[in-house]
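Asks: Mind looking at a prediction? Sequence and model below.
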Amino acid sequence: MAEKQCDLCAGTEFETIGNRDRHGAPLESVICKTCGLVAHGNIPTDAELAHYYATEYRQSYHGEMTPSDRRVMRAWKNGERIFKQLQPVIDPNAEVFEVGAGIGCTVKVFELNGHPASGIEPGEGFQTYSQQRLLTDVVRGDLFEQPRDHSRELVLLVHVIEHFNSPRRALEYIRGMLSDQGQFYVECPNIAAPFARRSKMFHYAHIHNFTPSSLKMLAESCGFRLEQQFGSPEDPNLQMLFSCSEKTAPEIDADNYQQTMQVINGATPLRYHMRPYYFTSRFAKVASYLKEHLTAKQFVAKVVQECQQFPPIQQDDEPFEFRSAA
Ligand SMILES: [Zn+2]
């Protein structure tokens with residue numbers, strides 16, 4: 001077997017930082033001693049991943065084929081947040097393409113705000129819901145089937161990058177889909193955020209775990225340049241917007257390894273529970289959870305009604321006035 005190489009820096013020296021996943025099942029997690037990227041000790045092959053997603057993932061992770069109202073409501077609000085965040089820094093006419101679009105809420109929010117928007121989603125249940133209930137242009141599809149014709153203007157990758165067995169391959173592929181003026185927005189869990197316990201950090205489906213520094217290093221070595229990072233360094237999710245640039249050799253942040261180790265070693269229950277605002281945020285969470293149950297159904301009914309009035313904008317459609325004049 002070939003020697004294990006870090007997907008970010010091609011380093012070959014690793015340190016084991018975990019032996020169990022968050023449910024207590026065996027799972028080795030390692031950190032690259034050169035760049036600090038955290039990954040599984042054994043990176044699953046494409047075939048192993050395909051098998052996992054076809055069988056276990058839906059039951060163990062999402063547990064639902066058709067999204068619940070609560071999930072749709074959350075996804076919709078999340079889509080609105082992403083839109084508001086990006087609106088000031090993107091072209092108002094930019095065509096949007098989401099890889100792993102899920103329920104399609106983000107795609108639809110961009111569309112309702114005047115952007116031609118489409119996406120791909122491998123999961124049948126969510127994709128069907130997206131197309132039929134929200135009338136989105138989200139089709140079933142895989143990233144590596146998309147044309148690399150430099151035609152895309154803005155690609156979104158929200159909670160997807162951590163699932164690839166080679167995020168480098170995915171980002172280099174996406175760079176080939178984007179025009180040289182294109183933008184790339186990525187969101188994923190932040191392993192540098194305060195976690196309750198080291199034992200809760202790792203999940204089989206999350207093959208790579210990023211800090212702000214490792215995500216930036218990886219993207220920049222795949223032909224992107226960081227334009228803006230949203231949120232604070234302690235946010236549970238990284239949110240970064242990149243523009244396209246020349247592909248360069250990875251510029252290694254030599255401090256990332258030590259800093260990531262400090263975060264991991266400091267991730268004790270005490271530290272988590274002593275965070276300022278822990279109690280208030282805990283209370284707010286319970287309150288918002290209850291509120292969610294009460295309001296989700298109504299909220300989603302309204303969203304679906306709104307979506308159904310607006311079928312996707314087709315770019316090659318003739319202008320509306322021509323059609324009505326004929
Ligand atoms: Zn590395």
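Replies: Nice, I can see it.

Asks: Just give the closest residue to Val160, not the sequence neighbours.
Replies: Nearest residue to Val160 in three dimensions, chain neighbours excluded: Gly100, at 3.8 Å (CB to CB, 6 or more residues apart in numbering). Where you see a C-beta, it was placed from the backbone N, CA and C, and this is true even at glycine.

Asks: cool, and His40?
Replies: Nearest to His40 is Ile207, by CB to CB, 6+ apart, at 5.3 Å.

Asks: Check Gly114 too.
Replies: Pro92 (6.8 Å).

Asks: name the element that neighbour belongs to?
Replies: Assigned by DSSP states H and E, Pro92 belongs to no helix or strand.

Asks: if I look at it, how far off is the ion?
Replies: Here Pro92 is placed at a distance of 39 Å from the ion (CB to the ion, to the nearest Å).

Asks: State the pLDDT value of the residue nearest to Val160.
Replies: Gly100 is assigned 96 on the pLDDT scale.

Asks: Where does pLDDT dip in the stretch 51-200 of the chain?
Replies: 56-64, 195-199 (pLDDT under 70).

Asks: how many neighbours does Lys84 have?
Replies: By the measure other CB atoms under 10 Å, the count of residues near Lys84 is 11.

Asks: Can you give me the distance of it to the ion?
Replies: Look at Lys84 and the ion: by CB to the ion, they are 34 Å apart.

Asks: Could you list the buried residues of stretch 14-34?
Replies: Going by neighbour count (16 or more other CB atoms under 10 Å), the buried part of stretch 14-34 is 14, 17-18, 20-22, 27-32, 34.

Asks: My guess is Glu121 contacts Val138. True?
Replies: Yes. Judged on CB atoms under 8 Å, Glu121 makes contact with Val138 at a distance of 5.4 Å.

Asks: overlap in contacts of those two?
Replies: 101, 104, 127, 130 (CB atoms under 8 Å, 6 or more residues apart in numbering).

Asks: what's the burial count for the first one?
Replies: As a burial measure, Ala101 scores 31 neighbours (other CB under 10 Å).

Asks: so who does it touch?
Replies: Taking CB under 8 Å, 6+ apart as the test, what Ala101 contacts is 107, 119-121, 127, 130, 136, 138.

Asks: is it possible to export these to a markdown table including neighbour count, distance to Phe299 and secondary structure?
Replies: Converted to a markdown table, these look like this (neighbours: other CB atoms under 10 Å; distance: CB to CB, whole Å; DSSP: H, G, I helix; E, B strand; the rest coil):
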| residue | neighbour count | distance to Phe299 | secondary structure |
| --- | --- | --- | --- |
| Val107 | 28 | 18 | helix |
| Gly119 | 25 | 22 | strand |
| Ile120 | 19 | 26 | strand |
| Glu121 | 26 | 22 | coil |
| Gln127 | 22 | 21 | helix |
| Ser130 | 29 | 17 | helix |
| Thr136 | 29 | 18 | coil |
| Val138 | 28 | 20 | strand |
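
Asks: what's the closest of the residues you listed to Arg71?
Replies: Using CB to CB, Ser130 comes nearest to Arg71 of the contacts of Ala101, at 12.2 Å.

Asks: Beyond the longest strand that the chain contains, next helix or strand please.
Replies: For the chain, the longest strand by residue count, based on DSSP state E, is strand 178-189. On the C-terminal side of strand 178-189, the closest following helix or strand by DSSP H and E is strand 208-209.

Asks: for the ion, what are the nearby residues on the chain?
Replies: 6, 8-9, 11, 32, 34-35, 37 (CB under 5 Å from the ion).

Asks: 8 Å - rerun?
Replies: Residues of the chain lying close to the ion by CB under 8 Å from the ion are 6-11, 32-37, 252.

Asks: ok, of those residues, which come out buried?
Replies: Buried residues within those, defined by neighbour count using 16+ other CB under 10 Å: 6-9, 11, 32, 34-37, 252.

Asks: Just send those residues back as TSV, with distance to Tyr53, pLDDT and secondary structure too.
Replies: As requested, those are exported to TSV (distance: CB to CB, whole Å; pLDDT from 0 to 100; DSSP: H, G, I helix; E, B strand; the rest coil):
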residue	distance to Tyr53	pLDDT	secondary structure
Cys6	24	98	coil
Asp7	19	98	coil
Leu8	24	97	coil
Cys9	28	96	coil
Gly11	28	97	coil
Cys32	26	98	strand
Thr34	30	97	coil
Cys35	28	97	coil
Gly36	28	97	coil
Leu37	23	98	coil
Ile252	32	94	coil
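
Asks: and the buried residues of stretch 14-34, which two are the farthest apart?
Replies: Top of the distance list for the buried residues of stretch 14-34 (CB to CB): Arg22 and Thr34, 26.5 Å.

Asks: Let me see the contact set for Val30.
Replies: Residues near Val30 by CB under 8 Å, 6+ apart: 14-17, 38-41.

Asks: Mind doing that once more with 6 Å?
Replies: Applying CB atoms under 6 Å, 6 or more residues apart in numbering, we find Val30 in contact with 14, 16, 41.

Asks: All good on my end, thank you.
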